[in-house]
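**Student:** Need coordinates for the below:
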Amino acid sequence: MERQGLRSHLSGSVPISIAVHLVVVAVLVLIPLSEIVLPVPADRLPDFIPVAPAPPPPPVVMHQAERPFPGPAAASTAFPVAAPNEIPPDSSAPASIADSAIPDSTGGGSDLGGVANIGQTIAVHMPEPPKPTGPVRAAVLPVAPRKIVDVRPVYPEIARAARRDGTVIMEAVLDPTGAVTQLRVVRSVPLLDEAALDAVSQWKYTPSVYGGHPVSVLMTITIRFTLSQ
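**Tutor:** Reported below is the predicted structural model:
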């Protein structure tokens, strides 16, 4: 019986004690918060915020070293001045004709201040351009070579039977006389290259001159083979 009474007494007092502690803690926390006054924020910040002026810089003291003033002897040795041996002529006096050198019509006479005589003719020879060592491109020549002997290519029968046509492009080298000495196929068409080479090797052009010298020419030749309908 005593244990049951003690248990019932303790079970009733524990919740009351917990409630009392909670009330005390709440009072200790809420009362200081109620006394804190929060600042009212400003509606807008000022356009300019004053800044404290910077302190003035310390005064600068300049020390100038004293230099001894040279005496008469030192001044004469430091800056020697030579006396003129001759008296310069008066610039206001008119100059005589005999004092100046006048070039004659034959190119003689003395020079004026290192300048050559005015009446003398000076011939200037331009250096000749170097002679080319190899073939010159036809595009850089002042006058392009002109074909004077033309041989038409013969259409091969095997290509005609095969219904084969196309364009053969070659690079040719002309000697100084205008004859074709070298040929190289750049764009090949089978069954048509030999006919194009045979025809172009018989062509002849006018001689070409570059820089006053006869030169060999490198040019591109195009042969078009077309089947007749």
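**Student:** would you say residue 186 is within a strand?
**Tutor:** Yes: assessed by DSSP: H, G, I helix; E, B strand; the rest coil, residue 186 belongs to a strand.
**Student:** for it, what are its contacts?
**Tutor:** By Cβ atoms under 8 Å, 6 or more residues apart in numbering, the contact set of residue 186 is 169, 170, 171, 220. Heads up, the C-betas are built off the backbone N, CA and C, glycines and all.
**Student:** cool, and residue 194?
**Tutor:** By Cβ under 8 Å, 6+ apart, the contact set of residue 194 is residue 156.
**Student:** Can you pull the phi/psi pair for it?
**Tutor:** phi -60, psi -40 (degrees, to the nearest 10).
**Student:** what about residue 216, how many neighbours?
**Tutor:** Residue 216 has 19 neighbouring residues, counting by other Cβ atoms under 10 Å.
**Student:** Tell me the confidence at it?
**Tutor:** pLDDT recorded at residue 216 is 95.
**Student:** Kindly report the same for the one 3 residues further on.
**Tutor:** With respect to pLDDT, residue 219 scores 95.
**Student:** Go ahead and confirm it touches residue 172.
**Tutor:** Yes: with contacts counted by Cβ atoms under 8 Å, residue 219 reaches residue 172, the gap being 5.7 Å.
**Student:** Now the buried members of the contacts of residue 186.
**Tutor:** Neighbour-count burial (16 or more other Cβ atoms under 10 Å) is assigned, among the contacts of residue 186, to 169, 170.
**Student:** out of the contacts of residue 186, who's nearest residue 228?
**Tutor:** Comparing those against residue 228 with Cβ to Cβ places residue 169 closest, at 22.1 Å.
**Student:** what helix or strand is the closest one on?
**Tutor:** According to DSSP states H and E, residue 169 maps onto strand 166-174.
**Student:** Just checking: what are the partner strands of that strand?
**Tutor:** strand 180-187 (antiparallel), strand 217-225 (antiparallel) (DSSP bridges).
**Student:** give me phi/psi at the nearest residue to residue 215 once chain neighbours are set aside?
**Tutor:** Using Cβ to Cβ, 6 or more residues apart in numbering and skipping residues adjacent in sequence, the residue nearest residue 215 is residue 136, 4.9 Å away. According to degrees, to the nearest 10, the main-chain angles of residue 136 amount to phi -100, psi 140.
**Student:** Select the helix or strand of this structure having the lowest average pLDDT value.
**Tutor:** Here the helix or strand of the chain ranked lowest by mean pLDDT, DSSP states H and E is helix 72-78, holding a mean of 48.
**Student:** residues contacting the nearest residue to residue 153 once chain neighbours are set aside?
**Tutor:** Computed as Cβ to Cβ, 6+ apart, the closest residue to residue 153 that is not its neighbour in sequence is residue 199, at 3.7 Å. Neighbour list for residue 199: 151, 152, 153, 154, 223 [criterion: Cβ under 8 Å, 6+ apart].
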